[in-house]
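Asks: Prediction below, plus the sequence it came from.
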Amino acid sequence: MERRTIGAAALGVGAVGLGCMPMSWAYSASQQRGDRSLRTVHAALDVGANLLDTADMYGPFTNELLLGRVLKERRADAFVSTKVGLLVGDQHVVANGRPGYVRRACDASLRRLQTDVIDLYQLHRADPEVPVEETWGAMAELVRAGKVRALGLCAVGARSARRGVPGGGYEGTIRQLERIQQVFPVSAVEAELSVWSPEALERLLPWCAARGVGFLAAMPLGCGYLTGTLTPGGGFEADDPRARHPRFTAEMMAANQPLVAGLRRVAARHGERVTPAQVALAWVLGRGPHVIPVPGAKRERWAVENAGAAELELDAADLAEIAALPAPRGSWD
């Protein structure tokens, strides 16, 4: 697989990563199967999708434990990205950016992951009660201690608004990045980017490109919608957040079918084995050499298919057709 670099340290990763959250968190619990997830991680590593994206809150903790079982055998094959700063309580999530907590959380993640160093340690959310410079300073200490190789900021969920907002709604994130960059270099930013959520293209992605900061594209397949495998009105299990999301109502899923149809047309021009998901990922890959899409997957098949997008090159006609697709309907916020 093509290799891309993250940050000034030029940390090398496969062009397509693996989002591990669905294996242990947020999506339907009935679909979270440990043995299958282990096979999925191994399959991703086998095809070069070595960036494994997790967080201590996924589970909580169980996703890191799962990856630790793989890393115990294949640490040299993997690039590990995990996150700190969110605590899961009873029906709520709270931020904790206190330096002492950050240090303890890092040690706990290292134990669960069965490794002595985390390749990319991301601040999941800034704590409104702690100056972000203090949190970032504690994370920088972990780099100097050899426990972490590079630092990143997770901006998933940080967008304040969508279309028509200057900066695509990421102005607050950029101000935060400017502050922490003065404390210690930012190597990567993780934020949503896909065919139906392109807002980061306006200001956030150019900010990263101008400073040599890697961009991890979260939800590049629109939480599964852009794969074309979801049926409008098919329904979701009660514990799946898409069951309550306005963009996944039967009405909105049907209204957004022209997006999937457009991706299918582009895929068909590239051969019968090319899928809409691969086209959607290739579009993200084409946003710049510093962009690494991190699609979530729970099955070996999807992890391997997603990795195959790195071999797909979209031409001018493909890009023009995707650019002409109608704007998605239904709020993501």
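Replies: Alright, I've got the coordinates.

Asks: and the spatially closest residue to Tyr121 that is not a sequence neighbour, what are its bridge partners?
Replies: Leaving aside its chain neighbours, Tyr121 sits nearest to Val148 (4.3 Å; criterion: Cβ to Cβ, 6 or more residues apart in numbering). Quick note: C-beta positions are derived from backbone N, CA and C, even for glycine. Using DSSP bridges, the bridge partners assigned to Val148 are Ile118.

Asks: now Val148: how far from Gly14?
Replies: As defined by Cβ to Cβ, to the nearest Å, Val148 lies at a distance of 20 Å from Gly14.

Asks: Mind picking out the helix or strand in the protein with the poorest mean pLDDT?
Replies: When each helix and strand of the chain is scored by mean pLDDT, DSSP states H and E, strand 86-89 comes last, with a mean of 89.

Asks: neighbouring strands for the helix or strand that that strand is followed by, and are they parallel or not?
Replies: As assigned by DSSP states H and E, the chain's next helix or strand after strand 86-89 is strand 92-95. Strand 92-95 has the following strand partners under DSSP bridges: strand 86-89 (antiparallel).

Asks: how about the strand it pairs with: buried residues?
Replies: Leu86, Leu87 (16 or more other Cβ atoms under 10 Å).

Asks: which ones are touching the nearest residue to Gly296 once chain neighbours are set aside?
Replies: The shortest distance from Gly296 to any non-neighbouring residue, by Cβ to Cβ, 6+ apart, is to Gly19 (3.5 Å). Gly19 makes contact with Asp53, Ala218, Val294, Pro295, Gly296, Ala297 under the criterion Cβ atoms under 8 Å, 6 or more residues apart in numbering.

Asks: where's the closest residue in space to the third one that isn't next to it in sequence relative to Arg74, distance?
Replies: Computed as Cβ to Cβ, 6+ apart, the closest residue to Val294 that is not its neighbour in sequence is Gly17, at 4.0 Å. Computed with Cβ to Cβ, the distance linking Gly17 and Arg74 is 15 Å.

Asks: and what of Tyr121?
Replies: 20 Å.

Asks: where in the stretch 51-200 of the chain is pLDDT low?
Replies: In the predicted model, the stretch 51-200 of the chain carries pLDDT under 70 at residues 158-168.

Asks: what are the ranges of the helices in it?
Replies: 62-74, 99-113, 132-144, 171-181 (DSSP state H, counting those that start in this stretch).

Asks: Quick check, central residue of the protein?
Replies: In the chain, the C-alpha nearest the mean C-alpha coordinate belongs to Ala218, at 2.9 Å (Cα atoms, centre = their mean).

Asks: pLDDT wise, what is that one at?
Replies: Turning to Ala218, the model gives it a pLDDT of 97.

Asks: sorry, back to before: and for the residue nearest to Val294, the neighbour number?
Replies: A count of neighbours around Gly17, defined by other Cβ atoms under 10 Å, yields 27.

Asks: pretty sure it contacts Leu216?
Replies: Yes - the criterion here is Cβ atoms under 8 Å, and Gly17 meets it with Leu216 at 6.9 Å.

Asks: Overlap of the contact sets of these two?
Replies: Joint contacts of Gly17 and Leu216 (Cβ under 8 Å, 6+ apart) are Leu51, Asp53, Ser81, Ile292, Pro293, Val294.

Asks: Max pairwise distance over the residues you listed: which two?
Replies: Farthest-apart pair in the shared contacts of Gly17 and Leu216 is Ser81 and Pro293; separation 13.3 Å (Cβ to Cβ).

Asks: ok, back up a step: among the shared contacts of Gly17 and Leu216, which lie within strands?
Replies: Applying DSSP state E to the shared contacts of Gly17 and Leu216, the entries found in strands are Leu51, Asp53, Ser81, Ile292, Pro293, Val294.

Asks: Redo the residues you listed as a markdown table? Include neighbour count and distance to Gly262.
Replies: Shown next, in a markdown table, are those (neighbours: other Cβ atoms under 10 Å; distance: Cβ to Cβ, whole Å):
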| residue | neighbour count | distance to Gly262 |
| --- | --- | --- |
| Leu51 | 29 | 28 |
| Asp53 | 27 | 28 |
| Ser81 | 28 | 31 |
| Ile292 | 27 | 24 |
| Pro293 | 29 | 18 |
| Val294 | 25 | 23 |
